[in-house]
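> Sequence first, predicted model second:
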Amino acid sequence: MKSHQHGPISEINMTPFVDIVLVILIIFLLTATVLLPRTFSIALPKATQAEKMEKVPIIISLDAEGKIAINGVRLAQEGDFDRVFCTQMHDKEPQAIIAADKQVRHGRLMEVIDNLKRLKVQRIGIEVEQK
């Protein structure tokens, strides 16, 4: 039998550390896809039927006054919609969800939808609260 050496351990076992880091990374990635970037406080309309989009969409927020934010970036001017949307677009076939306050005028919502169609957005959804 070999005798055990009694001295300082010169190696650190990195396996448990890597396991913990990977678990934290997975948790972070899962929660990051669930969180929606919001700039405004929005009272969403309620609906009983709702579907989820298969890809992570671009979130367009409209507050009660009709101010717009795209993925949390507020538009300084009306003409900034195309520029800000294109900087947030990371897919050749973008999808968008409009999170509009229930007090937003119908015409304002249609302006946003018109802008998205002009930018060739494939799927457009309206975010609602489940009843």
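Noted; the coordinates are in hand. Small disclaimer: the values here were computed from a predicted structure and weren't measured.
> Following the lowest-mean-pLDDT helix or strand in the chain in sequence, what is the next regular element?
The helix or strand of the chain with the poorest confidence is strand 46-47; it has a mean of 66 (mean pLDDT, DSSP states H and E). Using DSSP states H and E, the helix or strand that follows strand 46-47 in sequence is strand 58-62.
> so after that following strand, what's the next helix or strand?
Beyond strand 58-62 toward the C-terminal end (DSSP H and E), the next one is strand 68-70.
> Note down every partner strand of whichever helix or strand comes after that following strand and its orientation.
Counting by DSSP H and E, the next helix or strand C-terminal to strand 68-70 is strand 73-74. In the sheet, strand 73-74 lines up against strand 68-70 (antiparallel) (DSSP bridges).
> Which parts of this protein are helices?
Under the criterion DSSP state H, the chain contains helices at 15-34, 81-88, 106-118.
> What ranges in the protein fall below the confidence cut-off?
Residues of the chain that meet the criterion pLDDT under 70 lie in 1-5, 32-56, 131.
> rerun that using 50 as the cut-off
Counting by pLDDT under 50, the chain contains no low-confidence residues.
> From the structure, what's the count of residues near residue 84?
19 (other Cβ atoms under 10 Å). In this view, the C-beta of every residue, glycine as well, is placed from N, C-alpha and C.
> What distance do you get for it to residue 130?
Distance, residue 84 to residue 130, using Cβ to Cβ, to the nearest Å: 29 Å.
> re the thing from before, so for residue 59, which of the helices of the chain sits nearest?
When the helices of the chain are compared by Cβ to Cβ, helix 81-88 sits nearest residue 59, at 8.9 Å.
> If I take the closest one and helix 106-118, what angle do their directions form?
Counting by axes from the mean of the first three to the mean of the last three Cα atoms, to 10 degrees, helix 81-88 lies at 50 degrees to helix 106-118.
> Does anything pack onto helix 81-88? Which helices or strands?
strand 68-70, strand 73-74, helix 106-118 (3 or more Cβ pairs under 8 Å, 6 or more residues apart in numbering; DSSP states H and E).
> Redo the ones you listed as TSV? Include distance to residue 24 and mean neighbour count.
Formatted as TSV, these follow (distance: least, Cβ to Cβ, whole Å; neighbours: other Cβ atoms under 10 Å):
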stretch	distance to residue 24	mean neighbour count
strand 68-70	29	23
strand 73-74	28	15
helix 106-118	36	14
